[in-house]
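Q: just the structure for this:
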Amino acid sequence: MRHNRSINHLGRKSGHRKAMLANMACSLIMHKQIETTLAKAKALRMYVEPLITKSKDDSTHSRRTVFSYLKQKEAVTELFRTVAPKIADRPGGYTRIVKTGFREGDAADMAIIELVDFNEAALAATAKETKKAATRRSRKKADAPKAEAPKAEAKAEEAPAAEPAAEEPKAE
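A: Numbering: from 1, shown residues only. The predicted model follows:
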């Protein structure tokens, strides 16, 4: 039984697991999106999110702490220069895991793990949804009463003129 065991060991010894997660974290930071198994993606999320939080404070101490986990100078530079300014106002949840199906060879659950603020397609879709929702609300509240009032007055003016003309031919 695995009572109170929070870490997924991924079938590896601790040294192998730490090296693999460090390499995957560097790849995620450099490429902003990677495809892996679902179990590895969940383990990577637990590994990389504290490092991203640490990168918000750009000090020598935090750089050295992050470097002790990642072990690649280029990934640390990328994290502090490009990733940290973009996620500065986000309180957490820097990664997104999207399930992609099953791997053909062994039917393992596959997933894409990506940095949330760097997916342009999702950001564009979110921006479109918020813009559409805002315009629809404003049209219903602001334009609807103004537009209906002139139409009602115009119909009232046309209706009496049209009714007597329609009744006169019937009377003859």
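
Q: CA atoms for contacts and neighbours, from now on please.
A: Will do.

Q: quick check: the spatially most central residue of the chain vs residue 88, distance?
A: The chain has residue 116 as the residue nearest its centroid, 4.8 Å off, counting by CA atoms, centre = their mean. Per CA to CA, to the nearest Å, residue 116 is found 13 Å from residue 88.

Q: residues near the residue lying closest to residue 110 once chain neighbours are set aside, how many?
A: Once flanking residues are discounted, residue 110 sits nearest to residue 37: 4.3 Å by CA to CA, 6 or more residues apart in numbering. Neighbourhood size, residue 37 [other CA atoms under 10 Å]: 18.

Q: domains of this protein?
A: Split into domains by automatic domain parsing, the chain comes to 14-118, 119-172.

Q: mean confidence for the shortest one?
A: In this case it means domain 119-172. Across domain 119-172, pLDDT averages out at 61.

Q: pretty sure residue 69 is touching residue 23, no?
A: No. Residue 69 is not in contact with residue 23 according to CA atoms under 8 Å; the separation is 9.7 Å.

Q: follow-up on the earlier one: in JSON lines: the domains of the chain, plus distance to residue 7.
A: Listed next are the domains of the chain as JSON lines, based on distance: least, CA to CA, whole Å:
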{"stretch": "domain 14-118", "distance to residue 7": "8"}
{"stretch": "domain 119-172", "distance to residue 7": "28"}
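
Q: nearest to residue 6, of these?
A: domain 14-118 (10.1 Å; CA to CA).

Q: gap between the two ends of the closest one?
A: 31 Å.

Q: just checking the distance from it to the centre of its chain.
A: Distance, stretch centre to chain centre, for domain 14-118: 15 Å (CA atoms, centre = their mean, to the nearest Å).

Q: what of stretch 119-132?
A: 9 Å.
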